[in-house]
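Novice: I would like to see how this sequence folds:
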Amino acid sequence: MSVSSRDTVRFPDLSTPNMDSEEFSAEERETLNAIDRKVTGAQTLHEAMDFLFEMTRGISPCDRLGLAFMEEGGGPATGYGRVVAHWTRAVYEPVLLLKGFAQDLRGSSLQEILQTGRPRVIGDLEQYLKEHPDSVSTRIIVREGIRSSMTCPLLVEGRPVGFLFRSSREPNAYDRHQVRLHLAIAERLSQAVEKAWRIEQLAAANQAYFEMLGFVAHELKSPLASMVMDIDSLLTGLFGPVRPEQRDRLERMTGKAHYLLSLVSDYLSLAKVENSELRLDLRDNVDIVDEVIRPSIELVQNLMDQQRVTLELDLPEDPVLLQVDPPLLTVALVNLLSNAVKYGEENGLIRLRLHQNGSNPSISVWNRGPGFPTLERSKLFRKFSRLQIPELLKRKGTGVGLYTAWRIVQLHGGRIQAESEPGQWAEFVLEIPQPIASGASK
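Specialist: Okay, here's the model as predicted:
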């Protein structure tokens, strides 16, 4: 059966053809030879992809060509991670799905491509969207006018690194021959574009690394250390006798300050995050309210008091016992609550809710505030990423907190979702499936 049948989505089982295969015409073989020569010698990834777009449009339907890479441990073995769009070019305007768009790998049809090693062909994207209404990327490219697509994994020595997307404004544009040609192109492209991408990543990470270190040194370490010294001086009686109720309050303050200093060294260390040194220490029957939610609230209480924020709680009356790593999950929830205060309104409102949803209990943090536009949502959990919204840029941040929370929730085998009404509110929901799947933390 042809892959251009009326089936909505297919994963044809094809091996990569030899370049000299009689299946390819003389024009197609010459194009593949040209790709070999040009891609190898290209100075930048964008130069290579622009050449590929121009050269292959004559031999394969292509109104849109896209390139995406996997980030944060994505792959068929791990089952988690993220796919991030890195390059796009189309023959039309406007292009809505642009560089930086990201989606989780878990549960997507892209994960099936990696697991099977087979390309994916969608002949009717409008029908596919009806069958998968939660697919944000499909909804966007259908709005662009795209009606069929062909996706191949990019493999380097058998290791998946990303995806090559070829799309057409005509439905059912790709048959078996087009898929084999796309596989041959992807094979020639994989190693060269991965090297170029790694170089870009190193340059960006190096710059962001030093920016983050400067921020931590000037904005966090010095005032926290000074605060600890002042509190310790008060506790020693240097400035006069300390009553028992005052001592209790001061000891709470110094405990929180020391906790924040430990976060600076333990969780805002780029090396620690990059080297995947975060490890789960799972415990069974953890009382999520007493061991995670209430400690998290206590750690941000001073911040809420300073902003005069009202916190509303929606918690079950009976204990909720889960299998989690309490200290790590506390870090994630503290980051969500701190963000709600930092990016919410002064004298505003925060709602924290614990919801038991079968095997996927969730904790949600909602706040009044400027929120964020839908198109900015994919940037929220990326390392060092800040939303380019004037109201939010006025408020200091590193772009590390939500990323750290995302990593911790991923380690638990869960997910974080974000919703917003721009100018009104924002809500973050973390889900921790129960029990934790074996290998979720790997």
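Novice: what is the rounded mean pLDDT of stretch 352-369?
Specialist: Throughout stretch 352-369, pLDDT has a mean value of 89.
Novice: now do stretch 167-175
Specialist: 94.
Novice: any low-confidence regions in the stretch 251-400 of the chain?
Specialist: Along the stretch 251-400 of the chain, segments meeting pLDDT under 70 span 258-259, 261-278, 384-399.
Novice: how far away is Phe51 from Leu164?
Specialist: Going from Phe51 to Leu164 by Cβ to Cβ, to the nearest Å gives 14 Å. No exception for glycine: its C-beta is placed from N, CA and C like everyone else's.
Novice: more neighbours, these two?
Specialist: Legend: neighbour count by other Cβ atoms under 10 Å for Phe51 and Leu164, higher for Leu164 (23 against 16).
Novice: isn't the more buried one up against Val179?
Specialist: No: Leu164 lies out of contact with Val179 (Cβ atoms under 8 Å); the separation is 11.9 Å.
Novice: count of residues packed around the closest residue to Asp124 other than its chain neighbours?
Specialist: Beyond its immediate neighbours in the sequence, the residue positioned closest to Asp124 (Cβ to Cβ, 6 or more residues apart in numbering) is Pro171, lying 5.1 Å away. Pro171 has 16 neighbouring residues, counting by other Cβ under 10 Å.
Novice: swap in the one 4 residues further on?
Specialist: Using other Cβ under 10 Å, the number of residues around Asp175 comes to 17.
Novice: same question, Glu376
Specialist: For Glu376, the count of nearby residues is 19 (other Cβ under 10 Å).
Novice: same check, this time on Val156
Specialist: Counted with other Cβ under 10 Å, Val156 comes out at 14.
Novice: my guess is it contacts Glu194. True?
Specialist: Yes: under the criterion of Cβ under 8 Å, Val156 makes contact with Glu194 at 5.3 Å.
Novice: how about stretch 340-355: buried residues?
Specialist: Residues 340-345, 348-354 are the ones in stretch 340-355 that count as buried (16 or more other Cβ atoms under 10 Å).
Novice: go on, stretch 147-160?
Specialist: Neighbour counts over stretch 147-160 (16+ other Cβ under 10 Å) mark Arg147, Ser148, Ser149, Met150, Thr151, Cys152, Pro153, Leu154, Leu155, Pro160 as buried.
Novice: just the C-alphas of that stretch, formatted as CSV.
Specialist: Extracted C-alpha coordinates of stretch 147-160, given in CSV (Å, rounded to 0.1, in the frame of the first residue of the first chain):
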residue,chain,number,x,y,z
ARG,A,147,-2.0,19.8,4.9
SER,A,148,0.5,16.9,4.9
SER,A,149,3.9,16.2,6.4
MET,A,150,6.8,13.7,6.4
THR,A,151,9.1,13.3,9.4
CYS,A,152,12.4,11.4,9.6
PRO,A,153,14.7,10.9,12.6
LEU,A,154,18.2,12.3,12.4
LEU,A,155,20.6,9.6,13.5
VAL,A,156,24.3,9.9,14.3
GLU,A,157,25.9,6.4,14.7
GLY,A,158,22.5,5.0,15.6
ARG,A,159,21.9,7.7,18.2
PRO,A,160,18.8,9.9,17.6
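Novice: may I have the distance across stretch 281-295, first residue to last?
Specialist: Distance between the two ends of stretch 281-295: 18 Å, counting by Cα to Cα, to the nearest Å.
Novice: where along the chain do the helices fall?
Specialist: Ranges of helices in the chain, per DSSP state H, are 26-41, 45-56, 109-116, 125-131, 136-144, 176-215, 222-235, 244-266, 270-274, 288, 294-307, 326-342, 390-393, 401-411.
Novice: out of the ones you listed, which gets nearest to Phe428?
Specialist: Closest of those to Phe428 is helix 326-342, at 5.1 Å (criterion: Cβ to Cβ).
Novice: the closest one to helix 401-411, inter-axis angle?
Specialist: Taking axes from the mean of the first three to the mean of the last three Cα atoms, to 10 degrees, helix 326-342 and helix 401-411 form an angle of 150 degrees between their directions.
Novice: domain map for the protein?
Specialist: Under the assignment automatic domain parsing, the domains of the chain span 9-197, 203-273, 279-431.
Novice: one step back: isn't the residue nearest to Asp124 right up against Ile146?
Specialist: No: applying Cβ under 8 Å, one finds Pro171 not in contact with Ile146, separated by 9.8 Å.
Novice: overlap in contacts of those two?
Specialist: Taking Cβ atoms under 8 Å, 6 or more residues apart in numbering as the criterion, Pro171 and Ile146 both touch Leu125.
Novice: quick one: contacts for Val161?
Specialist: Neighbour list for Val161: Phe69, Met70, Leu154, Leu155, Ser190, Glu194, Trp197 [criterion: Cβ under 8 Å, 6+ apart].
Novice: now it: how far from Ser108?
Specialist: Distance, Val161 to Ser108, using Cβ to Cβ: 17 Å.
Novice: tell me the confidence at Gln410?
Specialist: If you check Gln410, the pLDDT there is 88.
Novice: how much space between it and Leu352?
Specialist: Going from Gln410 to Leu352 by Cβ to Cβ gives 21 Å.
Novice: same question, His412
Specialist: Taken as Cβ to Cβ, the span from His412 to Leu352 is 18 Å.
Novice: over to Thr138?
Specialist: When distance is defined by Cβ to Cβ, Thr138 is 33 Å away from Leu352.
Novice: repeat for Leu411
Specialist: Noted for Leu411: a distance of 22 Å to Leu352, by Cβ to Cβ.
Novice: just Ile288 next, same as before
Specialist: Using Cβ to Cβ, Ile288 is found at 12 Å from Leu352.
Novice: which neighbours do the two have in common?
Specialist: Residues touching both Ile288 and Leu352 (Cβ under 8 Å, 6+ apart): Ile363.
Novice: Pro319 touches Val286, doesn't it?
Specialist: No: using Cβ under 8 Å, Pro319 is not in contact with Val286, being 9.9 Å away.
Novice: so which of those two has more stuff around it?
Specialist: The neighbour count for Pro319 versus Val286, taken as other Cβ under 10 Å, is higher for Val286 (19 against 11).
Novice: which residues pair with that one across the strands?
Specialist: Val286 forms beta bridges with Leu322, as assigned by DSSP bridges.
Novice: quick one: contacts for it?
Specialist: Val292, Leu321, Leu322, Gln323, Val324, Pro326.
Novice: change it to 6 Å
Specialist: Going by Cβ atoms under 6 Å, 6 or more residues apart in numbering, Val286 touches Leu322, Val324, Pro326.
Novice: Throw these into TSV and include distance to Met55 and neighbour count, thanks.
Specialist: Output for those, formatted as TSV (distance: Cβ to Cβ, whole Å; neighbours: other Cβ atoms under 10 Å):
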residue	distance to Met55	neighbour count
Leu322	54	24
Val324	52	26
Pro326	55	18
